[in-house]
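A.B. asks: what would the 3D arrangement of this be:
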Amino acid sequence: MGVARRECLAAAALLVLAPGARAQQTDSMPPPLTVTPVRPTLWARPAASLVVPGAGQFLASQDRGAIYTAIELYSLARIIQSNHEGHSETTRYRDLAYAVARRAFNPTRRDTVFEYFETMERFTESGVYDRDPGAPLIPESDPATYNGSVWLLARNTFWPDPDVWPPADSPEYQRAVLFYQEHAVGPDFLWSWRAASLERDAFRESIRKSDDAFRRVQTQLGVLLANHLVSAVDALISSRLSAAAGRRTALRTTLGPTTVIGVSLEF
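C.D. replies: Purely as a prediction, here's the structure:
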């Protein structure tokens, strides 16, 4: 009887202690893992629109993405067209300059900077570079020509009196000659439009068309950049509103007598 009683007491003790042991074991176990669903970043759609205007709107199933895409394609087409026109007119006025005004002075064609052709547009003739082929250099004296105007400017700048020539070895004379050498047109780039007024008018018109075409390119590049930025900002606002509302949000643009941009929540 004594042995049986002790066994019963031991079994009862185990029954009493078992819940506490199970609780201790449960407390010592690590908490279960919680999986947080991954939400797409707010910057995905704005980044897509920044690269390709309208892409962020298409990702959100917003039809106005087509407007940004259309503006992009139109701007690119205009840039290509204007750039082609600008280069074509540039080739034309350079060809005219050589064939009509320059060939008689140098049979070898040498192109140079745009400022040179602007000068050709303002002055009928370049004038000679050196009135005496022997040494020393004798600058062009006719102020109606480009080189003559450069020599007049040099005399006005460095001489007390532009009409009174100082000695050729004086510092004033040497500085004036150095200025002339730096700014006058050399023997390889002399020109004359004399007896070619019609060709000179065509030359001027080509320069004007070339300038206009390249200005249009710059304007369209600005439109292109603005379209990228506006599309990206549009997509960012829409994404943030959707996240804040906890549901998909759409920006709707209504075109009428005035342009209205509104916000609606789509359930």
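
A.B. asks: only C-alpha atoms from now on, for both contacts and neighbour counts.
C.D. replies: Noted.

A.B. asks: from residue 126, how far off is residue 143?
C.D. replies: Relative to residue 126, residue 143 is positioned 10 Å away (C-alpha to C-alpha, to the nearest Å).

A.B. asks: quick check, central residue of the chain?
C.D. replies: residue 221 (6.2 Å; C-alpha atoms, centre = their mean).

A.B. asks: residue 143 and residue 126: who's more crowded?
C.D. replies: residue 126 (27 against 14; other C-alpha atoms under 10 Å).

A.B. asks: buried residues, the host helix or strand of residue 74. List them.
C.D. replies: Assigned by DSSP states H and E, residue 74 belongs to helix 65-96. Judged by neighbour count using 16 or more other C-alpha atoms under 10 Å, the buried positions of helix 65-96 are 65, 68-69, 71-72, 75-76, 79, 82-86, 89-90, 92-96.

A.B. asks: go on, stretch 100-111?
C.D. replies: Result for stretch 100-111 [16+ other C-alpha under 10 Å]: buried residues 100-103.

A.B. asks: low-confidence stretches in the stretch 51-200 of the chain?
C.D. replies: Residues of the stretch 51-200 of the chain meeting the criterion pLDDT under 70: none.

A.B. asks: can you pull out the helices in it?
C.D. replies: 55-59, 65-96, 114-122, 146-158, 171-183, 197-245 (DSSP state H, counting those that start in this stretch).

A.B. asks: in contact with residue 143, which residues?
C.D. replies: With contacts defined as C-alpha atoms under 8 Å, 6 or more residues apart in numbering, the neighbours of residue 143 are 149-152.

A.B. asks: one more: residue 165?
C.D. replies: Shown in contact with residue 165 (C-alpha under 8 Å, 6+ apart): 159, 173.

A.B. asks: for it, give me phi and psi.
C.D. replies: phi -80, psi 130 (degrees, to the nearest 10).
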